[in-house]
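# all I have is the shape, not the residue letters:
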């Protein structure tokens, strides 16, 4: 907690834009994706109040189009251009730096890379590949990296784990660390907590970091990442939240809320009009 | 290279005991295990000269008994009590600390753990599980660790990669790093480069570290580990050796040799009798 003594919803009065994480904040992923109670309504209320809003996610198990379709089907009101996942940002970087990726990603994400030249790869791109993270596939990515004179490794997100079907499961950051250790190459993160990634979403709504708040369930990648950019960072006690997060060694959120609904209630009730 | 200006085989004149790595030094692993030319003869010559000799390996894809059987079949003269792999040392630690492991190891290694209580696990033990390192199995190990109040993680070896069927493939150390990142738990290594592991093999031949030399293909785990114990460390240019090892940022071997045969030639030719 910041030392001003003010509660987060008092400090958030001048906030002009909101970034929301998706998984673990809007809904819980799994075989049967389930909206987190109050979240559909909370998004609706922010929009009704005319608050600029973007969805900043590390989701890489599906294309942006499919993700938006799924969320709309669950009842959320949002459009593709409000959603910022890593894949489009990654494609932008690959084009900019003339890199041809060896992709180790979830098969459902591949359409987002269909216009990217993948021949004769000169870098490796990891996504949340889940079951595709086999020993064989991780070896292939490793072998591409060590064959390159100037190896480049990207990870779409740097997360440790996330919640799926009521269990915590390993996220892409763990596999980035495995390859970093094997090759000595430092991975570059495209996604949260990378500042460029947050700033892309902020720029899209013409809001400065100091006028924005990020609400997420990941203490390091959502909250810590947003704070490092100059935003406020709020942790919800849903999704991958664990009680031990409240004594995190390096990140102290501006506040905790039980869920997105509580965050929006307090934010709107205290907002400067 | 040490600063004395002496070559390793001049410095090794007083050496009283030799530790040899197995894979990549004696033979190359793969579908058809193949002795490295000159290695069978080199082991024979050391033994004929009466030099105390132990085989210090991070092999965990098979039991000690099966490993010895395989090596004898390839033509090597060695006995089970001369071979020091991680599994017996790991079992000793588990008994000593009353730990019940969740094993993420190669199925062929399981017999070495058959007398260890594996019910209601209170630690995780990783071996070189190769194809068994699936996303599902790594998640299971992760979930055991985060469910424990005092999580304990062991890794039988801390290697980055090794050579198999002419390719470099990921070793257990990479998966230890992945779980360390996910859980915040620091893994304990049982195997090279852990000093206790080297010292166990040295004690068995009543040789002090300063009177011993380790010959291996792994710059960090064989050479660096041995040097950290006070031994000489020699790297062979076989197995997982890569030319870039000769400019390694942290480890400078006492010497390089093309293979074990050259090491033994130079060692015996320069030995103080």
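Good, I have the coordinates. As the structure is a computational prediction, the values presented were derived from the model and not from experiment.

# in the stretch 151-273 of chain A, where is pLDDT below threshold?
A:273 (pLDDT under 70).

# residues from it in reach of chain B?
Neighbours of chain B within the stretch 151-273 of chain A, by Cβ under 8 Å from any Cβ of the partner chain: A:160-161, A:167-171, A:173-175, A:177-183. From N, CA and C alone the C-beta is placed, and that goes for glycine too.

# strands of chain A, start to end?
Taking DSSP state E as the criterion, chain A contains strands spanning A:17-20, A:27-28, A:34-35, A:53-56, A:83-84, A:101-104, A:123-126, A:153-155, A:161-164, A:167-170, A:188-189, A:212-216, A:232-236, A:255-257.

# please enumerate the helices of the stretch 151-273 of chain A.
Under the criterion DSSP state H, counting those that start in this stretch, the stretch 151-273 of chain A contains helices at A:172-183, A:195-204, A:225-228, A:260-269.

# ranking those by burial, who's on top?
Compared across the helices of the stretch 151-273 of chain A, helix A:172-183 shows the largest average neighbour count, a mean of 25 (mean count of other Cβ atoms under 10 Å in any protein chain shown).

# who does that one touch, helix- and strand-wise?
strand A:123-126, helix A:135-147, strand A:153-155, helix B:172-183 (3 or more Cβ pairs under 8 Å, 6 or more residues apart in numbering or on different chains; DSSP states H and E).

# so which of those comes closest to residue B:265?
helix A:135-147 (31.2 Å; Cβ to Cβ).

# what's that closest one packed up against?
The contact analysis (3+ Cβ pairs under 8 Å, 6+ apart) places helix A:135-147 against strand A:101-104, strand A:123-126, helix A:172-183, strand B:167-170.

# residues near residue A:16, how many?
Residues lying near residue A:16 (other Cβ atoms under 10 Å in any protein chain shown) number 14.

# and it, what is it in contact with?
Residue A:16 makes contact with A:51, A:52, A:207, A:208, A:211, A:212, according to Cβ atoms under 8 Å, 6 or more residues apart in numbering or on different chains.

# off-centre distance for stretch A:233-253?
Put simply, stretch A:233-253 sits 15 Å off its chain's centre (Cα atoms, centre = their mean, to the nearest Å).

# where do the helices sit along the stretch 1-150 of chain A?
According to DSSP H, counting those that start in this stretch, the helices that the stretch 1-150 of chain A contains are A:8-11, A:39-48, A:64-74, A:86-96, A:135-147.

# dig out what the residue lying closest to residue A:176 once chain neighbours are set aside forms beta bridges with.
Of all residues not flanking residue A:176 in the chain, residue A:155 sits nearest, at 3.8 Å (Cβ to Cβ, 6 or more residues apart in numbering or on different chains). With DSSP bridges as the criterion, residue A:155 is bridged to residue A:126, residue A:189.

# my read is that residue A:155 contacts residue A:188, right?
Yes. Contact criterion Cβ atoms under 8 Å: residue A:155 and residue A:188 qualify, at 7.4 Å.

# more neighbours, the two?
Between residue A:155 and residue A:188, counted using other Cβ under 10 Å, residue A:155 has the larger neighbour count: 31 against 16.

# and the more buried one, what is it in contact with?
A:125, A:126, A:172, A:173, A:175, A:176, A:187, A:188, A:189, A:190, A:191.
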